[in-house]
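> Next one to model:
(chains A, B, C and D)
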2 protein chains.
Amino acid sequence: MDVKTVCLGVLMFGDASGYEIRKMLEEGPFPHFQEAGFGSIYPALRALSRAGQVTCQEVVQPGRPAKKVYSITPAGRITFARSLLGDTARDRYRSDYLFKLFFAELLDAPTRARLIDEYGALYRDLIGRMKGDLTGVPEGARFVHGLGLAVYRAAVDYIDRNRDRLLSPSIEESTAWSGGEAVK
Amino acid sequence: MDVKTVCLGVLMFGDASGYEIRKMLEEGPFPHFQEAGFGSIYPALRALSRAGQVTCQEVVQPGRPAKKVYSITPAGRITFARSLLGDTARDRYRSDYLFKLFFAELLDAPTRARLIDEYGALYRDLIGRMKGDLTGVPEGARFVHGLGLAVYRAAVDYIDRNRDRLLSPSIEESTAWSGGEAVK
DNA sequence: GGTTGCATGTAAATGGTTACATGATTGT
DNA sequence: ACAATCATGTAACCATTTACATGCAACC
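Numbering: from 1, shown residues only, chains lettered A, B, ... in the order given. As a prediction, the model looks like this:
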């Protein structure tokens, strides 16, 4: 899904500014299965505006910068609904943490511990932020929210139960990476 | 992690051609937490070769196209180990499936069913492909492999247990998306 | 006869991130 | 005084994807 479609999706929940769209994507009570930065959201909103998929209204706020609040138009709703019927790309997940932990034997013990604890904390925080009120949230969104929670909990659980395996000094003598040595 | 680092990582396991590197990333017994296509792998290998991080040897095969087998050099090992100590980008996950299911109310029942069943099947297959032999696999790789399995299993479990919630006809009358209607 | 698998590679286009620019207000 | 939050936007840069090009062998 490109950023334009993601913006339309967020606007299906109600009017919002570019700034607010980004906040919802990264801080909202929902799993971050789609992301976007300012550098892509603002151009996307302008393009959507030109195409008549959204309308824009500037709202002056006392003591704050003015913001541009966007609303999805009927044409935008149709475009959005149709984009839900198009091809579905397969999931893509990339994790530097897991990539590094994959090669745990090449790391010294403190680095290993730091990485795994950071990683666990990241998902623990995410779970915490996802514990918001879900009244009024439609069933589809709830389903996805619940799936996110289930998966993140499984990850945290696994990390808690297997952390020691990775930190035990015994793995240091591994000969798996012939030629490789722990780097400081 | 850029594709160059990913290639070095795969070559830490042993010599391989560009084609084989790609196969390992997408079909290997390991979770796909890093991906790369031919279009990025081949240029990466050439750059690594020029930089002295890998060496290349052409292997002629009877009845098959010749392949270029790459080996990581000592300099490559050092570069790789160092890259494991650099900044760790946070995970990024994007899913068209979850994005679409998030807006389940906008979809007709057959499409909803198709999406969710496809999604479940995708992860069920992945779990199946991950059940390979792990003897000789280093502890770090095992840890990541196990984490992947745990997470994918949690996802499949959740889907099985909540599938009906999403398919029940009751959600069709939802007023959540005022102005929106299921599209055919 | 058509598709899949093996095998490499280039070029263009896409899409997104990063860095920069601006500026007021609120909290520490 | 300094950092963070609110708020928008542009431009350069980067990485990756997609499409194209080539060709043989095996299988159905």
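
> what secondary structure does the spatially most central residue of chain A sit in?
Nearest residue to the geometric centre of chain A (C-alpha atoms, centre = their mean): residue A:32, 2.4 Å. Here residue A:32 takes the coil state, with states given by DSSP: H, G, I helix; E, B strand; the rest coil.

> So it is in contact with residue B:95, correct?
No: the criterion here is C-beta atoms under 8 Å, and residue A:32 misses it with residue B:95 at 10.2 Å. (Glycine included, C-beta is placed from N, CA and C.)

> Quick one, grab the pLDDT at the residue nearest to the centre of chain A.
We note a pLDDT of 82 for residue A:32 in this prediction.

> Same check on the one 3 residues further on?
On the pLDDT scale, residue A:35 is placed at 88.

> same check, this time on residue A:29
At residue A:29, pLDDT is 77.

> Look up phi and psi at it.
Main-chain dihedrals, residue A:29, degrees, to the nearest 10: phi -80, psi 10.

> What separation is there between the nearest residue to it once chain neighbours are set aside and residue A:28?
Nearest non-adjacent residue to residue A:29, counting by C-beta to C-beta, 6 or more residues apart in numbering or on different chains: residue A:132, 3.5 Å away. Distance from residue A:132 to residue A:28, counting by C-beta to C-beta, to the nearest Å: 8 Å.

> Have a look at these two and say which one is more surrounded.
residue A:28 (15 against 11; other C-beta atoms under 10 Å in any protein chain shown).

> Assign a three-state SS to the residue of chain A found nearest DNA strand C, would you?
Chain A approaches DNA strand C most closely through residue A:39 (2.2 Å), counting by C-beta to the nearest atom of the strand. Under three-state DSSP, residue A:39 falls in the helix class.

> tell me the pLDDT at it?
Per the predicted model, pLDDT is 94 at residue A:39.

> Could I get the contacting residues of it?
Residues counted as contacts of residue A:39 (C-beta atoms under 8 Å, 6 or more residues apart in numbering or on different chains): none.

> picking that back up, I figured the residue nearest to residue A:29 hits residue A:27, correct?
No: here residue A:132 does not reach residue A:27: they are 10.4 Å apart, not a contact under C-beta under 8 Å.

> Say whether chain B is contacted by the lengthiest helix in chain A.
As assigned by DSSP state H, the longest helix anywhere in chain A is helix A:139-167. Yes: Helix A:139-167 reaches chain B (C-beta under 8 Å from any C-beta of the partner chain) through A:139-141, A:143-144, A:146-148, A:150-151, A:153-155, A:157-159, A:162, A:165-166.

> Pull out the buried residues from the residues you listed.
Buried by 16 or more other C-beta atoms under 10 Å in any protein chain shown: A:139-141, A:143-144, A:146-148, A:150-151, A:154-155, A:158-159, A:162, A:166, out of the residues of helix A:139-167 next to chain B.

> and of those residues, the nearest to residue A:81?
residue A:140 (12.8 Å; C-beta to C-beta).

> and the closest residue to the closest one other than its chain neighbours, how many neighbours does it have?
Leaving aside its chain neighbours, residue A:140 sits nearest to residue B:104 (2.9 Å; criterion: C-beta to C-beta, 6+ apart). A count of neighbours around residue B:104, defined by other C-beta under 10 Å, yields 27.

> Likewise for residue A:137?
Neighbours around residue A:137, by other C-beta under 10 Å: 15.

> Does it fall in a helix, a strand, or a coil region?
Applying three-state DSSP: residue A:137 is coil.

> Also residue A:70?
strand.

> Now do the contacts for it.
Contacts of residue A:70 (C-beta under 8 Å, 6+ apart): A:7, A:11, A:15-18, A:45, A:48-49, A:54-56.

> Out of those, which end up buried?
A:7, A:11, A:15-18, A:45, A:48-49, A:54.

> Near DNA strand D, list only the ones from the residues you listed.
A:17-18, A:45 (C-beta under 7 Å from any atom of the strand).

> Just these: which are in helices?
Counting by DSSP H, those contribute A:18, A:45 to helices.

> Closest one of the ones next to DNA strand D among the buried ones among the contacts of residue A:70 to chain B?
Within these, proximity to chain B (C-beta to the nearest C-beta) peaks at residue A:45, which comes in at 18.1 Å.

> which residues sit in contact with that closest one?
Contacts of residue A:45 by C-beta under 8 Å, 6+ apart are A:7, A:18, A:21, A:54, A:56, A:68, A:70.

> Of these, which are in range of DNA strand C?
Okay, of the contacts of residue A:45, nothing touches DNA strand C (C-beta under 7 Å from any atom of the strand).

> Mind picking the one among the residues you listed that's closest to chain B?
residue A:7 (12.2 Å).

> Let's verify that closest one: helix, strand, or coil?
Strictly by three-state DSSP, residue A:7 counts as helix.

> about what we covered before: wouldn't the residue nearest to residue A:140 be in contact with residue A:139 here?
Yes: assessed by C-beta under 8 Å, residue B:104 is found in contact with residue A:139 at 6.3 Å.

> how close does the residue nearest to residue A:140 get to residue B:162?
Distance from residue B:104 to residue B:162, by C-beta to C-beta: 11 Å.

> Thank you, goodbye.
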